[in-house]
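Chemist: Give me a model of this one.
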Amino acid sequence: MGAANIARKNLVAICNSSSACEIVAIASRSSQKAESLVQNYAPKDKQILIFSGESSYSDLLECDLIDAVYIPLPTTLKMEWTMKALLAGKHVLCEKPVASSASEYKKMIDLAKAQGKYIMDGAMFVHNIRTHHLLDFISHKDVFGDVTRIGASFTFLGDDDFLSNNIRCSQDCDFHGCLGDLGWYCIQFAILVFRRVGYSTIKTAQVTHCVKNEDQVPIDVTCLVTFGSGDGIESSRDKILSFHSSFCQSLSQRFEICGSKKSLVMEDAVLPNSRSVAYQVKSQELTYIDQFSVHETDTCEIPGGPVQEVLMWRNFSNFCANENKWDDPNATSVSSVSLETQRVLDALMKSIEQNYAVINMIDFETIVEN
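Modeler: As a prediction, the model looks like this:
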């Protein structure tokens with residue numbers, strides 16, 4: 001639904017034989033954009049329906065040939081069309097940010113459950129085999145030590161036209177700006193990591209620096225989020241996520257997990273290097289009388305396989321096909337991580353609104369899943 005730029009990569013992934021999916025139709029208000037998408041990125045021997053014009057989205061949802069819908073629309077439209085898709089009996093893969101607020105996304109999840117359908121966000125790195133591998137690795141405290149903090153940076157340099165005209169910089173379309181577009185990955189990665197090591201309670205969220213464009217949309221932010229174990233232990237043992245997301249800096253997608261014995265680094269955390277999928281484990285010590293430091297780096301290369309966007313669609317297809325999908329711990333975990341990510345995003349936007357206040361997540365519009 002829609003012919004956004006990110007739809008190109010997803011169309012190619014869906015058409016991959018390993019995705020367990022099949023492209024049936026494309027809906028776009030612009031017939032030219034839809035036809036261009038099909039001509040340039042779909043298999044030449046595949047007949048794909050094109051719905052265009054003002055009624056294109058509704059026409060798509062009325063098509064009985066369709067089981068699921070991909071929605072990469074502006075954030076302000078996602079609630080409306082996701083709810084319509086679910087009511088039409090379609091599963092939904094919704095591009096991030098998944099909604100304007102966590103309360104909206106909770107309503108989407110509740111409706112999906114009531115309809116017997118599945119809803120998932122479009123963060124591809126979650127499904128990368130590397131992510132699962134590194135989560136297992138950091139769980140070995142004898143090797144990695146205690147995970148203490150995560151430092152993340154996801155940035156790229158947008159030109160003047162992007163900062164003025166792209167929907168990701170528009171208050172009416174994607175008012176979260178770089179926080180929703182890029183910060184989403186940093187937040188979601190931290191939730192996955194800290195959940196794995198027993199720190200699933202998000203305690204505080206704060207934006208410490210923010211630059212906005214003329215439309216008052218964040219285009220450069222620095223943020224701090226703290227995680228606790230939920231067992232009442234003093235804050236000295238809290239885990240920390242510090243991250244920077246920006247439309248005003250050169251491309252960087254560096255995520256680092258700091259442990260008490262080693263650290264784990266990915267320089268291509270969101271969009272992997274095409275040559276290999278890997279992460280580096282680093283350590284360093286000081287020599288006698290602290291004159292020099294000794295560095296040690298081990299590169300862990302992950303065995304090849306389908307790219308992460310294909311794995312995302314394959315997992316989505318499997319979740320949708322499962323009659324007991326909402327009892328499947330893997331399916332419900334993906335859903336709950338998305339909801340928590342959106343909740344942190346809401347809190348960080350509130351922090352900006354309140355002049356960089358520290359937002360107490362325990363008191364901040366707590367959402368309890370049924």
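Chemist: Only C-alpha atoms from now on, for both contacts and neighbour counts.
Modeler: Will do.
Chemist: so which helix or strand takes in residue 205?
Modeler: Element membership of residue 205 [criterion: DSSP states H and E] is strand 201-212.
Chemist: so what's residue 275 scoring on pLDDT?
Modeler: Note on residue 275: pLDDT of 65.
Chemist: which one is residue 87 nearest to, not counting chain neighbours?
Modeler: Of all residues not flanking residue 87 in the chain, residue 115 sits nearest, at 7.2 Å (CA to CA, 6 or more residues apart in numbering).
Chemist: What's the local residue count around the one you found?
Modeler: 15 (other CA atoms under 10 Å).
Chemist: before we move on, what about residue 218?
Modeler: Per other CA under 10 Å, the neighbour tally for residue 218 reads 26.
Chemist: one step back: residues touching the residue nearest to residue 87, list them.
Modeler: If you count contacts by CA atoms under 8 Å, 6 or more residues apart in numbering, residue 115 has them with 86-87, 89.
Chemist: Not counting sequence-adjacent ones, nearest residue to the residue nearest to the spatial centre of the chain?
Modeler: Residue closest to the mean C-alpha point of the chain, counted by CA atoms, centre = their mean, is residue 123 at 3.5 Å. Nearest residue to residue 123, sequence neighbours excluded (CA to CA, 6+ apart): residue 96, at 6.9 Å.
Chemist: Equivalent analysis for residue 138, please.
Modeler: residue 144 (5.8 Å).
Chemist: Report the residue ranges of every domain in this protein.
Modeler: As recorded under automatic domain parsing, the domains making up the chain are 6-124, 129-360.
Chemist: Could I get the full set of strands for the stretch 201-350 of the chain?
Modeler: 201-212, 218-228, 239-246, 248-259, 263-266, 278-286, 293-301 (DSSP state E, counting those that start in this stretch).
Chemist: and those strands as CSV, adding mean pLDDT?
Modeler: Shown next, in CSV, are the strands of the stretch 201-350 of the chain (pLDDT from 0 to 100):
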stretch, mean pLDDT
strand 201-212, 96
strand 218-228, 97
strand 239-246, 97
strand 248-259, 96
strand 263-266, 96
strand 278-286, 84
strand 293-301, 84
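Chemist: Turn those strands into CSV, columns for distance to residue 53.
Modeler: What follows is these, written out as CSV (distance: least, CA to CA, whole Å):
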stretch, distance to residue 53
strand 201-212, 34
strand 218-228, 32
strand 239-246, 34
strand 248-259, 35
strand 263-266, 43
strand 278-286, 44
strand 293-301, 47
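Chemist: which stretch among those strands comes nearest residue 58?
Modeler: Of all the strands of the stretch 201-350 of the chain, strand 218-228 sits nearest to residue 58, with 32.2 Å by CA to CA.
Chemist: Could you give the separation between the terminal residues of stretch 263-282?
Modeler: Counting by CA to CA, to the nearest Å, you get 5 Å between the two ends of stretch 263-282.
Chemist: Any chance you could list what contacts it?
Modeler: 124-125, 130, 134, 144, 185, 252-258, 262, 283, 295-304.
Chemist: and these, which are buried?
Modeler: 124-125, 130, 134, 144, 185, 252-258, 262, 283 (16 or more other CA atoms under 10 Å).
Chemist: neighbours around residue 364, how many?
Modeler: 16.
Chemist: Not including adjacent chain positions, what is the nearest residue to it?
Modeler: residue 347 (7.2 Å).
Chemist: The one you found is in contact with residue 356, isn't it?
Modeler: No. Using CA atoms under 8 Å as the test, residue 347 is too far from residue 356 to be in contact (10.7 Å).
Chemist: Now the common contact residues for the two.
Modeler: residue 206.
Chemist: In terms of neighbours, single out the busier of these two.
Modeler: Neighbours per residue (other CA under 10 Å) separate residue 347 from residue 356, with residue 347 holding more: 25 against 18.
Chemist: Which single one of the buried ones among the contacts of stretch 263-282 is nearest to residue 103?
Modeler: Using CA to CA, the buried ones among the contacts of stretch 263-282 come closest to residue 103 at residue 185, 19.8 Å.
Chemist: Wait, that closest one touches residue 121, no?
Modeler: No. The criterion here is CA under 8 Å, and residue 185 misses it with residue 121 at 11.4 Å.
Chemist: Tell me who's in contact with the residue nearest to residue 364.
Modeler: 205-206, 359, 361, 364.
Chemist: now do 10 Å
Modeler: 101-102, 204-207, 225, 353, 357-361, 364-365 (CA atoms under 10 Å, 6 or more residues apart in numbering).
Chemist: how about the helices in this structure?
Modeler: 6-14, 31-41, 56-61, 75-87, 102-115, 129-138, 141-144, 160-165, 178, 184-196, 308-321, 329-353 (DSSP state H).
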